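Student: any chance you could fold what I've pasted below:
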Amino acid sequence: MYKNLAGRAVLAWVTACFLSPAFSQTQAPGAPLKIGFVYVTPVTDAGWVRQHEEGRKAVDAALGAKVKTTFVENVAEGADAERVIRDLAQQGNKLIFTPSFGYMEPTLKVARDFPDVKFESITGYKQTPNVATANARYYEGRYLAGIAAGRMTKTNVAGYVAGFPIPEVLQGINAFTLGMRSVNPNAKVIVVWLNEWFDPPKERDAAMALFNQNADVVAFHTGSTAVMAAAQERGKMAIAYHSDMRKIAPDAQIVAVTHQWGGYYTQRAKAVLDGTWKSGNLWGGVKEGMIRVGDFGTRVPKAVQQEVLARQQDIAAGKLQPFRAVAGDVRDNEGHVVIAKGAQLSDEQILKMNWLAEGVQGRVTR
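Tutor: Residues are numbered from 1 along each chain as shown. Predicted coordinates for the structure are as follows:
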């Protein structure tokens, strides 16, 4: 698929060289590199977009006057995204980051018309000569958070508020469950699907429903801080995602799984500046510094913190793989063996994940 895609992209590049007015745009000598960012929600104090905004700020801090960054927030996926991305390219931005899966196709479409602009499709999977892709191994952090949840739960029930049943979300649910059951074999995880990424009232209602089903700790894969606020309100525990959320839930947060984009964004901006930027694909995790677990809450015993951090070091060193079956077969929640004892899932298998692990109460809607 990528071979054919690359061929079409090269043809588009050649055509654009002769037909597109965008090709005539060049970087003025000594002028700062203009870099654009497109955000799928408003910039809030915590969450998915907050972490990318921190990444943008890291680029400014590292490169100073060499760059001039800008962002557009609350851009819906689809036609609005294409319009905004195109506007950024027309305004002379030579590097554009588009961190949302639904921005992938609009990014590719605009990139065909601006072959001299570099695009970074974050969470996308299609590359062309001027579109690179990158994503993080969020599931590594989820496994570590599961260990913390397994040690902290008193009811042996965790809740999980989930957006959509796509592989990335399934990876997180399964890794969390496997981590939890690695230290607490009796634990179970109840999943509520929202079919929304960002809907604070629905996120809150889902968390409250899970607490009513005996869950005393919740995790989530949605875009707001509503689940954390609900846990704080009910006196329960929660796993922060994307960002440290202790400001929202000072008593509820037991640990945070955070995404760190500043290093990658800075590296890619430097590559444009020195002329070494190339399209490619990166799937980085704990080892690359793109995923970090920490920011423990006050109720977490020191021994649990040390255990989680030790397992984080094991992942970084390649000693621990969340989707490796060590003690026995890993089964899905319908009883099928999905990872045989001694085996480890390949990246391709992880990226196509379509099952829920044993211990999860819920179904993958297809």
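
Student: just for the protein, where's the confidence low?
Tutor: 1-29, 366 (pLDDT under 70).

Student: quick one: the strands in the stretch 101-250 of the chain?
Tutor: 118-122, 131-136, 157-162, 188-193, 217-221, 237-242 (DSSP state E, counting those that start in this stretch).

Student: let me have those in JSON lines, adding distance to residue 76 as columns.
Tutor: Any C-beta I mention is one placed from the backbone N, CA and C, and that applies to glycine too. Below are those laid out as JSON lines (distance: least, C-beta to C-beta, whole Å):
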{"stretch": "strand 118-122", "distance to residue 76": "17"}
{"stretch": "strand 131-136", "distance to residue 76": "20"}
{"stretch": "strand 157-162", "distance to residue 76": "21"}
{"stretch": "strand 188-193", "distance to residue 76": "21"}
{"stretch": "strand 217-221", "distance to residue 76": "20"}
{"stretch": "strand 237-242", "distance to residue 76": "19"}
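
Student: burial measure for residue 91, as a count.
Tutor: Look at residue 91: counted by other C-beta atoms under 10 Å, it has 11 neighbours.

Student: could I get the contacting residues of it?
Tutor: Taking C-beta atoms under 8 Å, 6 or more residues apart in numbering, we find residue 91 in contact with 34, 36.

Student: relative to residue 36, how far out is it?
Tutor: 8 Å (C-beta to C-beta, to the nearest Å).

Student: same question, residue 197
Tutor: Here residue 197 is placed at a distance of 22 Å from residue 36 (C-beta to C-beta).

Student: what about those two, which has more around it?
Tutor: A direct count of neighbours by other C-beta under 10 Å for residue 197 and residue 36 places residue 36 higher, at 25 against 20.

Student: regarding that one, what is its secondary structure?
Tutor: strand (DSSP: H, G, I helix; E, B strand; the rest coil).

Student: just checking, it touches residue 93?
Tutor: Yes. If you go by C-beta atoms under 8 Å, residue 36 and residue 93 touch, sitting 3.9 Å apart.

Student: joint contacts of these two?
Tutor: Joint contacts of residue 36 and residue 93 (C-beta under 8 Å, 6+ apart) are residue 70.

Student: you'd agree residue 141 is up against residue 293?
Tutor: Yes. Under the criterion of C-beta under 8 Å, residue 141 makes contact with residue 293 at 5.0 Å.

Student: looking at those two, which is more packed in?
Tutor: Legend: neighbour count by other C-beta under 10 Å for residue 141 and residue 293, higher for residue 141 (31 against 24).

Student: name the nearest residue to that one, sequence neighbours excluded.
Tutor: With sequence-adjacent residues excluded and distances taken as C-beta to C-beta, 6 or more residues apart in numbering, residue 141 is closest to residue 257, at 3.5 Å.

Student: for the strands of the stretch 101-250 of the chain, which one sits closest to residue 319?
Tutor: strand 131-136 (19.8 Å; C-beta to C-beta).

Student: any buried residues in the closest one, and which?
Tutor: 131, 132, 133, 134, 135, 136 (16 or more other C-beta atoms under 10 Å).

Student: same check, this time on stretch 320-336
Tutor: 320, 322, 323, 325, 330, 331, 332, 333.

Student: now the element after the helix or strand hosting the residue nearest to residue 141, going C-ward?
Tutor: In this structure, residue 257 is located in strand 253-259 according to DSSP states H and E. Downstream of strand 253-259, the next assigned helix or strand under DSSP H and E is helix 262-274.

Student: quick one: list the elements packing against the helix or strand just after that next one.
Tutor: Remark: after helix 262-274, the chain's next helix or strand is strand 281-284, criterion DSSP H and E. Where contact means 3 or more C-beta pairs under 8 Å, 6 or more residues apart in numbering; DSSP states H and E, strand 281-284 is packed against strand 131-136.

Student: would you mind getting the angle between the strand it packs on and strand 118-122?
Tutor: Relative orientation of strand 131-136 and strand 118-122, computed by axes from the mean of the first three to the mean of the last three C-alpha atoms, to 10 degrees: 30 degrees.

Student: re earlier: tell me which of the strands of the stretch 101-250 of the chain sits nearest to residue 49.
Tutor: Across the strands of the stretch 101-250 of the chain, closest to residue 49 is strand 237-242 (C-beta to C-beta), at 8.5 Å.

Student: need the residues that contact that closest one.
Tutor: Residues contacting strand 237-242 (C-beta under 8 Å, 6+ apart): 46-48, 50-51, 145, 148-149, 152-153, 176, 207, 216-221, 223, 227-228, 230-232, 246, 249, 252-259, 295, 297, 299.

Student: what residues are up against residue 133?
Tutor: Taking C-beta under 8 Å, 6+ apart, we find residue 133 in contact with 120, 121, 122, 123, 124, 125, 126, 127, 280, 281, 282.

Student: can you give me the neighbour number for the last one?
Tutor: A count of neighbours around residue 282, defined by other C-beta under 10 Å, yields 16.

Student: and if you look at the one 5 residues further on?
Tutor: Residue 287 is surrounded by 13 other residues when neighbours are defined as other C-beta under 10 Å.

Student: any idea what residue 37 is bridged to?
Tutor: For residue 37, the beta-bridge partners under DSSP bridges are residue 71, residue 97.

Student: ok so, going back, which neighbours do residue 141 and residue 293 have in common?
Tutor: 257, 258, 286.

Student: pick the one among those residues closest to residue 66.
Tutor: residue 258 (26.9 Å).
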